[in-house]
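Participant: Would you be able to build a 3D model of this:
(2 chains)
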Amino acid sequence: ETGVTQTPRHLVMGMTNKKSLKCEQHLGHNAMYWYKQSAKKPLELMFVYSLEERVENNSVPSRFSPECPNSSHLFLHLHTLQPEDSALYLCASSQGRFNTGELFFGEGSRLTVL
Amino acid sequence: AQSVTQLGSHVSVSEGALVLLRCNYSSSVPPYLFWYVQYPNQGLQLLLKYTSAATLVKGINGFEAEFKKSETSFHLTKPSAHMRDAAEYFCAVTGHGSGNTGKLIFGQGTTLQVKP
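Facilitator: Next up is the predicted model:
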């Protein structure tokens, strides 16, 4: 199995739908992250979980709701999204929060909001 | 606070030519610096990192980068480009020591095109 697995790889949803993105890491790490990658913009850090506790929330709208039930799993629950939320959502993990900055990324979930 | 500027959003080289991707950083504390690569339809993968040891850092796939404090630069190079190097490259910085928030700050990315 790859180190960080994200599902689904592609998701199309309407603005009134509710969906979830899932991330699972098989590396034994204790920190997990959600990043948003939009065209022509730097990666935006959304949430950080360290030892299953949310330690960072970078002014993300409440229509994005993270959940970290254990150190291996991370979810991003989505509801009433806007078209501008269309992007690639990347999950990452590390041993220690940021630590020396070496993050292991999943392949991403490509989200399209109609 | 830290920031990263990648000069040139798009770089095109011929196969076998030198690759040079530019990155300048700003940091109020001694920095850790990184280059990540993103191949099409994939996540980011660490190429190399500088963490205050040797200033010339060697990474995977023949890439290397040199930390130059006087120029606040961390440019990425490879002597001879290969078609498989076509990807997007991200420079990133975080700080260590007092005042470090631990946050990894990414540049906007540089797309490398390799022509046959």
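Participant: who's in contact with the helix or strand of chain B with the lowest mean pLDDT?
Facilitator: In chain B, no helix or strand scores lower on mean pLDDT, DSSP states H and E than strand B:105-106, which sits at a mean of 88. Here strand B:105-106 makes contact (C-beta atoms under 8 Å, 6 or more residues apart in numbering or on different chains) with A:42-43, B:2-4, B:36, B:90-94. Using the backbone N, CA and C atoms, a C-beta is placed for each residue, glycine as well.
Participant: Pick the one among those closest to A:Leu27.
Facilitator: Comparing the contacts of strand B:105-106 against A:Leu27 with C-beta to C-beta picks out B:Tyr36 as the nearest, at 16.6 Å.
Participant: helices and strands around the helix or strand harbouring the closest one, which ones?
Facilitator: In this structure, B:Tyr36 is located in strand B:31-38 according to DSSP states H and E. In terms of contacts (3 or more C-beta pairs under 8 Å, 6 or more residues apart in numbering or on different chains; DSSP states H and E), strand B:31-38 is packed against strand B:19-27, strand B:44-50, strand B:64-68, strand B:73-78, strand B:87-95.
Participant: With mean pLDDT added, can I get those strands in CSV?
Facilitator: Listed next are these as CSV, based on pLDDT from 0 to 100:
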stretch, mean pLDDT
strand B:19-27, 95
strand B:44-50, 94
strand B:64-68, 96
strand B:73-78, 98
strand B:87-95, 91
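Participant: so which of the ones you listed is the most packed in?
Facilitator: Highest mean neighbour count of the helices and strands packed on strand B:31-38: strand B:87-95, a mean of 24 (counted as mean count of other C-beta atoms under 10 Å in any protein chain shown).
Participant: near chain A at all, that one?
Facilitator: Yes - applying C-beta under 8 Å from any C-beta of the partner chain, one finds strand B:87-95 in contact with chain A at B:90, B:92, B:94.
Participant: Identify the residues contacting the residue in chain A positioned nearest to chain B.
Facilitator: Per C-beta to the nearest C-beta, A:Phe105 is where chain A lies closest to chain B, at 3.3 Å. Neighbouring residues of A:Phe105 by C-beta under 8 Å, 6+ apart: A:4, A:35, A:90-92, B:43-45.
Participant: Kindly recompute the last result at 6 Å.
Facilitator: For A:Phe105, the contact set (C-beta atoms under 6 Å, 6 or more residues apart in numbering or on different chains) comprises A:90, A:92, B:43-44.
Participant: still on that earlier bit, list just the nearest of the contacts of strand B:105-106 to A:Met15.
Facilitator: Nearest to A:Met15 among these is A:Leu43, at 24.4 Å by C-beta to C-beta.
Participant: Not counting residues beside it along the chain, what's closest to the closest one?
Facilitator: Counting by C-beta to C-beta, 6 or more residues apart in numbering or on different chains, B:Phe106 is the residue found nearest to A:Leu43 once chain neighbours are left out, at 4.4 Å.
Participant: so that neighbour bridges to which residues?
Facilitator: Counting by DSSP bridges, B:Phe106 is bridged to B:Ala92.
Participant: what's the burial count for it?
Facilitator: For B:Phe106, the count of nearby residues is 21 (other C-beta atoms under 10 Å in any protein chain shown).
Participant: Now the spatially most central residue of chain B: closest residue in space, sequence neighbours ignored.
Facilitator: Note on chain B: the residue nearest the mean C-alpha position is B:Trp35, at 3.3 Å, using C-alpha atoms, centre = their mean. Leaving aside its chain neighbours, B:Trp35 sits nearest to B:Leu47 (4.3 Å; criterion: C-beta to C-beta, 6+ apart).
Participant: Good, wrapping up.
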